[in-house]
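Trainee: Make a model of this:
(one chain, ligands or ions: 1)
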Amino acid sequence: MPDSKRKRTRNAEPSKGETYKSGSVRKRTSGNQDAKKKEKRCTGKIEEKCCTGKIEEKCCSGKNEDKCCAAKCERYLKRKKQQRRKNKHSSRRHGNRDGKKKDKKKKQKIKRSPLPQPPSPSPSPLPPPPPPPSPNIPDTSKTSSTRKEAEKLRFDAEKKLLPGAKIAVPNIEVTVLKLLGEGGFGQVYLVRDSKENRYAMKTEYMREGISSRIKMEVKAYDKIAKYRKEHPKSGIRLLGFFGSGAIDNLKFFIMSLVGPSVDSLVTKYEISFGTALRLCIEMFNGIVDLHTCGFVHRDIKPENYAIGLNADRRRVYLVDLGMVVRIIEESDRMPTSSKYDFIGTQLYAPRTSHLGNVQTQRDDLESWIYSCVDLFAPNKLPWAYECDRQKAGDLKDEFFKNPPSDILSQIPAPFEEIMRKVNMVSMMQKPDYKAIRDLLDNAAKMDEIDFDEPFEWELAKQPKPKDDSAGKKKDISEKLDRTQLTIVENEVAGRVVAG
Ligand SMILES: Nc1ncnc2c1ncn2[C@@H]1O[C@H](COP(=O)(O)OP(=O)(O)OP(=O)(O)O)[C@@H](O)[C@H]1O
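Mentor: Residues are numbered from 1 along each chain as shown. Next up is the predicted model:
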């Protein structure tokens, strides 16, 4: 492999006066300026798409509004949250930030600056999975609604469940421990059952006239769970599903608990070339798992992958199945066009989505390629700062026709061939997953990737426990090993949305 292929740059920001492929020469802007633009953009306009870049029937604020509200914009909140975390952990950061070369090139760190805020809206060779926990929650999706049970619920002023709230419907009985995070459609809580097993519970309030996303997700998880029962070795990078229910208009489902998203980790930690490649391989395997279970994801991006816990801490899970659709195998059943103008997140969406066409397996792989490039060369995707959807689509076309040399120099050489292969897959064709996996294995061999090496976030120092919190800490950590405790403290706990 030529030396140039191995060179990586750390400068994630566009250089001064850099020419963007959209044709305009943009002055370098600071993240703050971009953020301001973004905020500005989110206010006011009535748009067919949400400021998150997704087509949604309601505003990303979660309210049925006819305009997008900057203060509640999902991205805005995420950015704020990332900034808060960044400040909190800045003193704990480590790694090579001064650009000095290290002995081994694969040890070089890829520093990702805080996510760019474009003015536009815009998935290894691992040991077999550990046996699933034996929750006292039967694997069922039957729902029930009982007023009596609803009385046990405790909410705060914003209708969020408070710690201690009891969710009890037939087959499910859990207690809320804390809020883990919020999406555009509801909250995700850490819950435990009577045997002290911990899970994540996703909730959504049903509102009249608004189609439910959670319903779709439950349907998908239910089908996947059934498929996995018949094929126990499949879908290991998809979350376990432990049932769903409803209490009055609060709909919820229980799934496996995972750690932070890949996106949040690579934003916070300088990752090595090896880590980036391992994440890409895991992300690819997640897609293959979902496809094997019969679904296309339609929103592949680093945000929708989460790191596993405990023995699974080197595994990456494909999450958020709110936009999945069944794979259609018979061409005569394939709709000629999609119901929506655009589905996905502009930065990572496949060209098919830009054309308003139905997405199939190849499209998830295309989004995976963009996600991988974004891991190796942060913020370098040529359309990262492009507002116009059409132009962004054209830039993606150009990317496959003439891959930019600065990107090629930062990604593993076999990726060029992977890009060619993915680009050649037709709508109804099943991608050659084996060929892609072989190329990935090849990349891992070339760079002597050690799959047992801890990830950067595993090595991060954990804060010293305060004496008075020792009891609480014991409670949280009773089922976790030391490494996972680091993740829980530094990441999961940090993701509790404050105020
Ligand atoms: N299984 C899980 N285990 C642990 N945390 C989770 C789990 N699922 C979700 N989370 C956390 O909850 C947050 C909200 O998740 P959710 O899927 O509702 O929203 P999102 O993916 O961020 O947004 P949206 O669904 O609107 O695209 C996530 O950002 C993540 O931090």
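Trainee: number of nearby residues for the nearest residue to Ile271 once chain neighbours are set aside?
Mentor: Nearest non-adjacent residue to Ile271, counting by CB to CB, 6 or more residues apart in numbering: Ile110, 5.2 Å away. The C-beta positions use only the backbone N, C-alpha and C, and glycine is treated the same way. Ile110 has 22 neighbours, counted by other CB atoms under 10 Å.
Trainee: Show the contacting residues for Gly322.
Mentor: Applying CB atoms under 8 Å, 6 or more residues apart in numbering to Gly322 gives the contacts Phe185, Arg213, Ile214, Met216, Glu217, Asp299.
Trainee: and the third one, that one's in a strand?
Mentor: No - the secondary structure assignment for Ile214 gives helix rather than a strand, going by DSSP: H, G, I helix; E, B strand; the rest coil.
Trainee: Identify the residues contacting it.
Mentor: So Ile214 contacts Phe185, Gly186, Lys202, Thr203, Glu204, Lys251, Phe252, Phe253, Gly322 (CB under 8 Å, 6+ apart).
Trainee: picking that back up, turn the contacts of Gly322 into JSON lines, columns for pLDDT.
Mentor: Output for the contacts of Gly322, formatted as JSON lines (pLDDT from 0 to 100):
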{"residue": "Phe185", "pLDDT": "85"}
{"residue": "Arg213", "pLDDT": "86"}
{"residue": "Ile214", "pLDDT": "93"}
{"residue": "Met216", "pLDDT": "90"}
{"residue": "Glu217", "pLDDT": "95"}
{"residue": "Asp299", "pLDDT": "96"}
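Trainee: pLDDT weak spots in this structure?
Mentor: By pLDDT under 70, the low-scoring segments of the chain are 1-108, 111-152, 332, 336-337, 462-499.
Trainee: how about the residues of it that lie near the ligand?
Mentor: Within the chain, the positions near the ligand by CB under 6 Å from any ligand atom are 180-186, 188, 200, 202, 239, 255-258, 319-320, 322, 495.
Trainee: Spatially nearest residue to Gln187 (excluding sequence neighbours)?
Mentor: Nearest non-adjacent residue to Gln187 (CB to CB, 6+ apart): Thr203, at 5.3 Å.
Trainee: beta partners of the one you found?
Mentor: Counting by DSSP bridges, Thr203 is bridged to Phe252.
Trainee: That one against Phe155, yeah?
Mentor: No - with contact defined as CB atoms under 8 Å, Thr203 does not count as touching Phe155 (10.9 Å).
Trainee: Please identify the pairing partners of the longest strand seen in the chain and their relative orientation?
Mentor: As assigned by DSSP state E, the longest strand anywhere in the chain is strand 172-182. Strand 172-182 has its sheet partners listed here by DSSP bridges as strand 166-169 (antiparallel), strand 187-192 (antiparallel).
Trainee: which two in the contacts of Ile214 are spaced the farthest apart?
Mentor: Phe252 and Gly322 (14.0 Å; CB to CB).
Trainee: Just give me the neighbour total for the one residue in the chain that gets nearest to the ligand.
Mentor: Of all residues in the chain, Gly183 sits closest to the ligand, at 2.1 Å by CB to the nearest ligand atom. Residues lying near Gly183 (other CB under 10 Å) number 17.
Trainee: Could you do Arg333 as well?
Mentor: That count, for Arg333 with other CB under 10 Å as the rule, works out to 7.
Trainee: Repeat that for Arg237.
Mentor: 26.
Trainee: swap in Gln346?
Mentor: Neighbours of Gln346 (other CB under 10 Å): 24.
Trainee: I'd say it and Lys391 touch.
Mentor: No - under the criterion of CB under 8 Å, Gln346 makes no contact with Lys391, lying 10.7 Å away.
Trainee: anything in contact with each of those two?
Mentor: Trp383.
Trainee: all strands for the chain, in order.
Mentor: Using DSSP E, strands in the chain cover 109-110, 166-169, 172-182, 187-192, 198-205, 241-247, 250-255, 271-272, 295-296, 305-307, 316-318, 325-326.
Trainee: Now do stretch 164-184: distance from first to last residue.
Mentor: Distance across stretch 164-184, first residue to last, is 24 Å (CA to CA, to the nearest Å).
Trainee: ditto for stretch 347-365
Mentor: Termini of stretch 347-365 sit 14 Å apart (CA to CA).
Trainee: Equivalent analysis for stretch 261-277, please.
Mentor: End-to-end span of stretch 261-277 (CA to CA): 16 Å.
Trainee: Would you mind giving the strands of the chain as JSON lines with distance to Lys434 added?
Mentor: What follows is the strands of the chain, written out as JSON lines (distance: least, CB to CB, whole Å):
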{"stretch": "strand 109-110", "distance to Lys434": "28"}
{"stretch": "strand 166-169", "distance to Lys434": "43"}
{"stretch": "strand 172-182", "distance to Lys434": "36"}
{"stretch": "strand 187-192", "distance to Lys434": "35"}
{"stretch": "strand 198-205", "distance to Lys434": "33"}
{"stretch": "strand 241-247", "distance to Lys434": "28"}
{"stretch": "strand 250-255", "distance to Lys434": "29"}
{"stretch": "strand 271-272", "distance to Lys434": "27"}
{"stretch": "strand 295-296", "distance to Lys434": "19"}
{"stretch": "strand 305-307", "distance to Lys434": "22"}
{"stretch": "strand 316-318", "distance to Lys434": "19"}
{"stretch": "strand 325-326", "distance to Lys434": "23"}
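Trainee: out of the ones you listed, which comes closest to Arg333?
Mentor: Using CB to CB and comparing the strands of the chain, the one that lies nearest Arg333 is strand 325-326, at 10.2 Å.
Trainee: Direction included, what does the closest one pair against?
Mentor: strand 295-296 (antiparallel).
Trainee: From the rest of the structure, what touches the partner strand?
Mentor: With CB under 8 Å, 6+ apart, strand 295-296 has contacts from 220, 223-224, 290, 321, 324-327, 359-361, 363-364.
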